[in-house]
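Asker: when you get a sec, could you give me coordinates for this:
(2 chains)
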Amino acid sequence: MTDLSERQQLSYIAGQAADARLNVELETEGMTLNIGPQHPATHGTLRIIVRLDGEQVVWAEPSCGYMHRGYEKLTEVRTYPQVTTLVNRIDWLGSFANEVPFILAAEKLMEIEAPPRAQWIRTILFELSRIANISLFLGDLGVQLGAVTPAFFAFRDREHVLNLIESVTGGRFHPNFDRIGGLKDDLPKGFVDETRRVMRKMRTYCDEIDDLLIGNEIFQARTRGVGIIPKDVALQYGLSGANLRASGVDWDLRRDQVVPMAWDDVDFKVWTHPDGDSFARCWVRLQETREATKIVDQLLDGLPAGPVMAKVPRIIKVPAGEAWVSTENPLGEMGYYVVSKGDLGPFRVKIRSASFNNISVAPWVLRGVYVPDVITILASLYFILGDIDR
Amino acid sequence: MSVAIEIPYWGQSLLRVLGGIVAVLLPAGTIVYVFLFKMMSFMQSRLGPMEAGPYGSMQLFAEVGKWMQKEDTAPAAADHRIFKMAPLIVLLSTFLLVAVVPFGPDAWLTNFETGVFYGLAVSSISVLGILVAGWSSANKYSLLGGLRAAGQLIAYELPLVLAAIGVVIQAGSMRMQDIVVAQNAGSIFGWDGVGNPYLLTQGVGFLVFMIAVQAELTQPPFDMPIAESELVSGYMTEYSGFRFLIFFIAEFATVGVFSLIASVLFLGGWGVPFAWFGWEGIDDVDNWMNVVGPLIMVNKMLVLSFLIMWVRFSFPRFREDQLQRFAWKVLIPVALANIVVTAILKVAV
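Answerer: A predicted model of the protein is given here:
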């Protein structure tokens, strides 16, 4: 098998899987269907090879790498401050959240800590990117299921959150705002009031989605009991974030680990759902968005005064060593393993992105489902292509 | 007050053919602009087309022009003759269907004994078109879409027919004109202020009919055959340009035509309650109803297609098995029970 190309290996596996037919009474011929890389449901270039028996999936395999941009390698020829520009692009819907774990890892190696105000603003922006990210998921969910209207509501209300992020960082999608030792700037004037207003709006949006989509009978019929991932399987495949919590595992890095961020100072509930099906994953995400708006409100109440930048040398050299920091990103656990040799840039960076692990459960969970359920399950697993391929 | 115009037979036939074309294209155009472009946009908090003409009213012509310019492509492996024929079959079904709709006492296209029967029969011709479109495209998504469509349209044909039977029993005729007259000349417990639209007596039938129509039109939540997020575009995937346009026109024209048929069966069709003007039967109806009737029909069509489009924009879609289960386990028993109750009341009262 060693001299076979990947494509040949996959078709070899598909050929073997063709023998395992589900329908034993009827002599039917299997069909291999490529969902993607250009397909309306994958919103990016993910290819899923499914072997069908009628409309039932016998075997499925996600084939990724169509969008590989080599960020891990690119970081080796960048200085530390330059890396944030790259990692912004990993999960492009919640960009700021990508920067934070890397900066925290670098700060850990340098043994400095951002001042409290910077930590709080970081957390606010982190949660805002979470809202921007998951609110789009909630709207996109409708599109995957054939209801176009929620997507427009999502884009309408997400706009306000992006405006907030823009007002602080100057960038809507790729803020590149986090610095080693703090933040580039302080909050702009009027940010606090505006944010409170937007958070109210986002809670209304969540109620709207709850009424229009999550509470809809057809939606529930399509997602309840579909794509069940039990607790042990979820843990084995290394799922994280809402996908793991929807399988009943009460695990949230914001609460469960100590990082120099402000989550310890606010009071929030980690939502879990015992079912582990597609509905549970969507529902947990909806609750998380609501929870995130409350976190932002609390952070705004207790925003400390002070500088937003610690004392750092003008030219940043990170001392030799290795550090691993991961945070609870919108898509799940995202972490950076940074190896430094004391240079201007990292020697090696390993990025652990949530979607790559989340999508790895697809062959397991897609087996035996119908083609329409492939789409709902993939939608509920919620991946961002940039986050899979990096 | 009747206008004495003698039109020769060929002239009448020509007028009716032109009328039929108008009756197909006008609903298609109105529904696309008013509902698909504008109402949908307002529901989704956006403006919709605004550039082409005042409030984007010329947008449809722009779209048609765009499609006409595009190359008429077909996949190399496709069965070319069948592939090219398929959209025309679908559109043909729409034209055959509109033929039974009466628009006024004399403004009808055909007026024969078994109008309801004929209408429901020709509406299923489109299944053939969709099936061969899916099959001849030589595309896996199209094939899945075509097969889904065949299964779905056959399943929902039944409740559609059964719901119409209740109306036929109550009116005592299969002729569309008679059904209109029966509703407008009727009375509710002796009060004839609004006639007796069968929406009131056949409410269950109306619901079943509209749900079945929604499925027959493959509009969400019954759009499994198209299902753009899983089957790309189902049986339409490989079509482009002119032939896609025909599918598109057929889709929305059929929305309009089915709304017209539903308004004849359940909302009293072209008529106004006959008691308002002291008419007794169809022969007393004044000639001006041939002008007012079509306008009334257009309004009723707009109301009903609004319902269809409203549901379309709001709901996510069913899965294939859920859709079949809904047809066989819910709609058909309900429609059958409706027929039994109607028949008993018809005989007893």
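Asker: so which residues on chain A come close to chain B?
Answerer: Counting by CB under 8 Å from any CB of the partner chain, chain A comes close to chain B at A:31, A:33, A:35, A:39-41, A:55, A:142-149, A:152-153, A:156, A:212-213, A:216, A:218-219, A:221-222, A:370-375. In short, each C-beta sits where N, CA and C put it, glycine included.
Asker: got phi/psi on residue A:48?
Answerer: phi -120, psi 120 (degrees, to the nearest 10).
Asker: what is the burial count for it?
Answerer: Neighbour count for residue A:48, taken as other CB atoms under 10 Å in any protein chain shown: 25.
Asker: what pLDDT does the residue lying closest to it once chain neighbours are set aside get?
Answerer: Nearest non-adjacent residue to residue A:48, counting by CB to CB, 6 or more residues apart in numbering or on different chains: residue A:35, 4.3 Å away. Residue A:35 carries a pLDDT value of 77.
Asker: hang on, residue A:35 packs against residue A:47?
Answerer: Yes - counting by CB atoms under 8 Å, residue A:35 touches residue A:47, with 7.2 Å between them.
Asker: the more surrounded of these two?
Answerer: residue A:35 (24 against 17).
Asker: look up phi and psi at the more buried one.
Answerer: The phi/psi pair for residue A:35 (degrees, to the nearest 10) is phi -90, psi 110.
Asker: and residue A:90, by the same measure?
Answerer: Torsion angles at residue A:90 (phi, psi; degrees, to the nearest 10) stand at phi -70, psi -70.
Asker: I'd like the distance between it and residue B:94.
Answerer: 50 Å (CB to CB, to the nearest Å).
Asker: tell me what the helix or strand that contains residue A:322 is packed against?
Answerer: Using DSSP states H and E, residue A:322 sits within strand A:321-329. Applying 3 or more CB pairs under 8 Å, 6 or more residues apart in numbering or on different chains; DSSP states H and E, we find strand A:321-329 packed against helix A:95-110, helix A:253-256, strand A:332-340.
Asker: most tightly packed of those?
Answerer: helix A:95-110 (a mean of 25; mean count of other CB atoms under 10 Å in any protein chain shown).
Asker: what pLDDT, on average, does it get?
Answerer: 88.
Asker: next SSE after that helix?
Answerer: helix A:116-144.
Asker: what bits of the chain have low per-residue confidence?
Answerer: In the absence of a named chain, chain A is used. Counting by pLDDT under 70, chain A contains low-confidence ranges at A:1-30, A:40-44.
Asker: not quite, I wanted chain B
Answerer: In chain B, residues with pLDDT under 70: B:1-5, B:228-229.
Asker: top helix in it by residue count?
Answerer: helix B:140-171 (DSSP state H).
Asker: tell me what the helix or strand just after that one is packed against?
Answerer: Heading C-terminal from helix B:140-171, the first helix or strand you meet, by DSSP H and E, is helix B:176-185. When contacts are defined as 3+ CB pairs under 8 Å, 6+ apart, helix B:176-185 packs onto helix B:115-123, helix B:140-171, helix B:241-266.
Asker: now helix B:176-185 against helix B:241-266, angle please.
Answerer: Using axes from the mean of the first three to the mean of the last three CA atoms, to 10 degrees, the inter-axis angle of helix B:176-185 relative to helix B:241-266 is 50 degrees.
Asker: got a list of what residue A:384 touches?
Answerer: Counting by CB atoms under 8 Å, 6 or more residues apart in numbering or on different chains, residue A:384 makes contact with A:44, A:91, A:92, A:93, A:331, A:355.
Asker: redo these as TSV? Include distance to residue B:198 and secondary structure.
Answerer: As requested, the contacts of residue A:384 are exported to TSV (distance: CB to CB, whole Å; DSSP: H, G, I helix; E, B strand; the rest coil):
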residue	distance to residue B:198	secondary structure
A:44	51	coil
A:91	57	coil
A:92	56	coil
A:93	52	coil
A:331	54	coil
A:355	55	helix
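Asker: what's the closest non-adjacent residue to residue 89?
Answerer: No chain in the question, so chain A it is. Closest to residue A:89 by CB to CB, 6+ apart is residue A:386, at 6.0 Å.
Asker: my question was about chain B, not that one.
Answerer: Going by CB to CB, 6+ apart, residue B:89 has residue B:129 as its nearest residue, at 3.3 Å.
Asker: so that neighbour, which of the three states?
Answerer: helix (DSSP: H, G, I helix; E, B strand; the rest coil).
Asker: what's the burial count for it?
Answerer: Applying other CB under 10 Å, I find that residue B:129 has 24 neighbouring residues.
Asker: looks like it contacts residue B:94 (just checking).
Answerer: No - in this structure residue B:129 lies outside contact range of residue B:94 using CB under 8 Å: 10.1 Å.
Asker: list the contacts of the strand holding residue A:322.
Answerer: With CB under 8 Å, 6+ apart, strand A:321-329 has contacts from A:91, A:94, A:97-98, A:100-102, A:104-106, A:108-109, A:126, A:130, A:240-241, A:252-254, A:257, A:259, A:261, A:333-340, A:352, A:354.
Asker: and stretch B:137-150, by the same measure?
Answerer: A:31, A:33, A:55, A:371, B:75, B:77-79, B:83, B:127, B:130-135, B:218, B:224-227, B:231-239, B:320.
Asker: for the spatially most central residue of chain B, which non-adjacent residue is closest in space?
Answerer: Centroid-nearest residue in chain B: residue B:258, 1.6 Å away (criterion: CA atoms, centre = their mean). Counting by CB to CB, 6+ apart, residue B:258 lies nearest to residue B:213, which is 4.7 Å off, once chain neighbours are set aside.
Asker: may I ask which helix or strand encompasses residue A:59?
Answerer: Applying DSSP H and E, one finds residue A:59 within strand A:56-63.
Asker: ok, which residues in chain B are in contact with chain A?
Answerer: Checking chain B against chain A by CB under 8 Å from any CB, the hits are B:43-46, B:140-141, B:144, B:220-221, B:223-224, B:227-232, B:313-322.
Asker: contacts only, for the closest residue to chain B within the stretch 151-300 of chain A.
Answerer: At 3.7 Å from chain B, residue A:152 is the closest residue in the stretch 151-300 of chain A, using CB to the nearest CB. Taking CB under 8 Å, 6+ apart, we find residue A:152 in contact with A:139, B:44, B:45, B:46.
Asker: what do you get for residue B:244?
Answerer: B:67, B:87, B:236.
Asker: so what's the residue nearest to the first one when sequence neighbours are not counted up against?
Answerer: Spelled out, it's residue B:67. Sequence neighbours aside, residue B:245 is the residue nearest to residue B:67 in space, at 4.1 Å (criterion: CB to CB, 6+ apart). Neighbouring residues of residue B:245 by CB under 8 Å, 6+ apart: B:64, B:67, B:68.
Asker: what is the nearest of the residues you listed to chain A?
Answerer: Looking across the contacts of residue B:245 and measuring by CB to the nearest CB, the closest to chain A is residue B:67, at 19.8 Å.
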